[in-house]
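Engineer: Model the structure of this input:
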Amino acid sequence: MTTELTISRLPADRLDDAQLIRWSALQQANPELRSPYFRSEYTQAVAAVCEGIEVAIFEQHGETVGFLPYQRLRGNRAIPVGNMLTDYQGLICETDVQFDPNQFLRNCDLQAWDFNNLLASQSAFAASHVVRASAPYLDLSQGFDAFLADPQRAGSGRIKDILRRGRKLGREVGPLRLESPTTDQEVFETLLDWKREQYHRTQAPDVFRLSWPRPLLEQIFEAQSDEFAGVLSALYAGDRLVASAFGMRSGDVLHYWFIAYDPTLPSKYSPGHMLLLEIARTAEEQGIRRIDLSKGPEEYKRLFTSGEVEVAEGSVDRGAVSRFVKQGWIRTRERISNSMLYRPARATKRMMRSMRDRLPSASSANAQYLNTSLTTSAQPQARSHTNGDNTSSFSTESQRGSLESLE
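Structural biologist: Reported below is the predicted structural model:
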C-alpha cells in the first residue's frame with residue numbers, strides 16, 4: 001500500500017455523473033471485470049430495493065482508482081451488494097490495486113466485510129480467503145461450432161444426446177423456437193412461477209420468500225442499454241413455452257442467472273439443456289462471446305464449461321475472535337459438504353425445514369428458533385417503497401435493521 005491512497009464512502013444513490021463515468025471506464029478497461037455484476041447499474045438497481053448500499057471510493061494522487069460496493073448491516077458489518085444473488089464480487093479498478101483491507105474497514109467505519117464470490121485474483125484480499133471455488137463459463141469467442149468441437153465436448157456423447165432429445169421434443173410437442181431477448185412480461189412472470197415451484201419441489205431455499213429479489217429482477221428487466229441490460233430468453237416447442245432464463249448482459253458477456261422449465265413437461269426432453277445450447281448457438285449474432293455460469297456442482301456446468309474463474313469466500317474482520325469463528329465455520333461447512341456426511345446432513349436439514357414450514361404460526365417460539373437455526377447468512381434489508389395510499393408496495397417481515405435469511 002502507498003500512503004497516497006485514500007478511501008472514502010458514499011451512499012450508492014449519491015454518486016455523481018463524473019463518478020459513474022469513471023466507474024464505467026475502470027470496468028471496461030479491466031478484462032477481469034467483464035461481468036455485469038461489476039457495472040454501476042447493478043449496484044444502483046440493488047440500491048433501489050435495498051437499504052444500506054454504499055460504495056467505497058479509492059483515490060490516489062487526486063484520481064479515482066477504484067470503487068467497492070457493499071451493504072452495511074447492523075453492527076457496522078457489511079456484505080456484498082445483492083449477497084447470495086451476486087455471483088461475482090470485487091473491487092472495480094483498472095489494475096490490481098494494492099491496499100490494506102483494514103484501511104477499507106476503518107475508513108468506511110466497518111467492523112467486517114464478508115464475501116462469498118470474490119475474484120480470487122484480487123490479491124489485496126488474499127490473506128482473508130478461507131476457501132476457493134471455480135465459476136465456469138462458456139467461451140464462444142470462436143463461434144458455436146468451435147465450442148462444440150472442443151475435445152471436452154466432442155468426445156462426450158452427452159451433447160449428442162441432448163440434441164437428440166431436442167429433436168424428439170420438436171417432433172412430439174412442436175418445432176423448437178428461441179426468442180432471445182424477449183420483453184414478454186408473461187414469459188417473465190411464468191419463469192418466476194416455475195422457479196418458485198422448483199424451489200418447493202426440490203426443497204431448496206426460495207429466494208423469492210425475501211421481499212427484495214423480485215423487485216430487483218424487475219428493475220434489471222427494465223434496464224436496456226449497450227453497457228447493461230436484463231436478458232430474458234424463451235424456448236418454445238410450437239406455441240408452448242417449455243423453458244426460460246433470465247440473466248444480465250454487459251457488453252459481450254451474458255450472465256446465465258435464473259433458469260426454469262415447464263414442470264409438466266417430461267424431463268426426458270432436457271428442455272433446460274436445450275435452452276442453454278440454443279442461446280449459445282445464437283450468441284454470435286447477438287454479439288455475445290462469453291456466457292458466465294455461477295459456481296456450483298450442477299452437472300450441466302461441468303458439461304458446458306470451457307473455462308473457469310476462481311472465486312473466494314472469506315471475511316475481512318477487525319475482530320480476531322469473530323474472524324476465527326467465521327473461518328472455522330466456513331472450513332467445517334466445506335469439510336462436511338465434501339464428505340460422506342453431506343447427503344444425510346442435507347436430508348435432515350430439509351426434513352427440519354419442512355417441519356418448520358408446517359408450524360401454525362411464525363410468531364411461535366419454536367418456529368422462530370427453527371427459522372434462525374436453519375439459516376446461515378444474513379441477507380439484505382429491503383428498502384420500503386410507499387404507494388399513494390400510504391401502504392408499502394413491498395416490505396420486510398421484520399423491523400428495520402433485522403435481516404431475513406436463507407441458506
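
Engineer: Could you list the domains of the protein?
Structural biologist: Domain assignment for the chain by automatic domain parsing gives 5-130, 141-288.

Engineer: most tightly surrounded among those domains?
Structural biologist: Mean neighbour count (mean count of other Cβ atoms under 10 Å) peaks for domain 5-130 among these, with a mean of 19. The C-beta positions use only the backbone N, C-alpha and C, and glycine is treated the same way.

Engineer: contacts for the strand or helix carrying L148?
Structural biologist: Counting by DSSP states H and E, the element that carries L148 is helix 144-149. Helix 144-149 is contacted from outside by 138-140, 153-154, 159, 280-281, 283-284, 306, using Cβ atoms under 8 Å, 6 or more residues apart in numbering.

Engineer: try 10 Å
Structural biologist: Residues from elsewhere that reach helix 144-149, judged by Cβ atoms under 10 Å, 6 or more residues apart in numbering: 138-143, 153-154, 159-160, 163, 277, 280-285, 291, 304, 306.

Engineer: how much space between D226 and G287?
Structural biologist: Taken as Cβ to Cβ, to the nearest Å, the spacing of D226 relative to G287 amounts to 9 Å.

Engineer: So for those two, which residues contact both of them?
Structural biologist: 249, 251.

Engineer: helix, strand or coil for W194?
Structural biologist: Secondary structure assignment for W194 (DSSP: H, G, I helix; E, B strand; the rest coil): helix.

Engineer: ok, now V309?
Structural biologist: strand.

Engineer: Wait, it touches Q122, no?
Structural biologist: No - taking contacts as Cβ atoms under 10 Å, V309 lies outside contact range of Q122: 11.7 Å.

Engineer: on that earlier part again, among the domains of the chain, which is nearest T332?
Structural biologist: Nearest of the domains of the chain to T332, taken as Cβ to Cβ: domain 5-130 at 10.6 Å.

Engineer: Quick one: end-to-end length of that closest one, please.
Structural biologist: Length of domain 5-130, first residue to last, Cα to Cα, to the nearest Å: 27 Å.

Engineer: where does this structure have its least confident helix or strand?
Structural biologist: strand 392-394 (a mean of 28; mean pLDDT, DSSP states H and E).

Engineer: Now do the same contact list for Q219.
Structural biologist: With contact taken as Cβ under 10 Å, 6+ apart, Q219 is in contact with 41-42, 44-49, 230.

Engineer: Verify the assumption that it is located in a helix.
Structural biologist: Yes - judged by three-state DSSP, Q219 forms part of a helix.

Engineer: Reformat the domains of the chain as CSV; add mean pLDDT and distance to E313.
Structural biologist: Formatted as CSV, the domains of the chain follow (pLDDT from 0 to 100; distance: least, Cβ to Cβ, whole Å):
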stretch, mean pLDDT, distance to E313
domain 5-130, 96, 5
domain 141-288, 94, 17
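
Engineer: Ok, which of those comes nearest R333?
Structural biologist: In terms of Cβ to Cβ, the element of the domains of the chain nearest to R333 is domain 5-130, at 9.9 Å.

Engineer: for the stretch 301-407 of the chain, what are the low-confidence residue spans?
Structural biologist: 339-407 (pLDDT under 70).

Engineer: If we use 80, what do you get?
Structural biologist: 320-329, 331, 333-407 (pLDDT under 80).

Engineer: before we move on, the earlier item: between V309 and Q122, which contacts overlap?
Structural biologist: Shared contacts of V309 and Q122 (Cβ under 10 Å, 6+ apart): E32.

Engineer: For P271, give its distance to L265.
Structural biologist: 6 Å.
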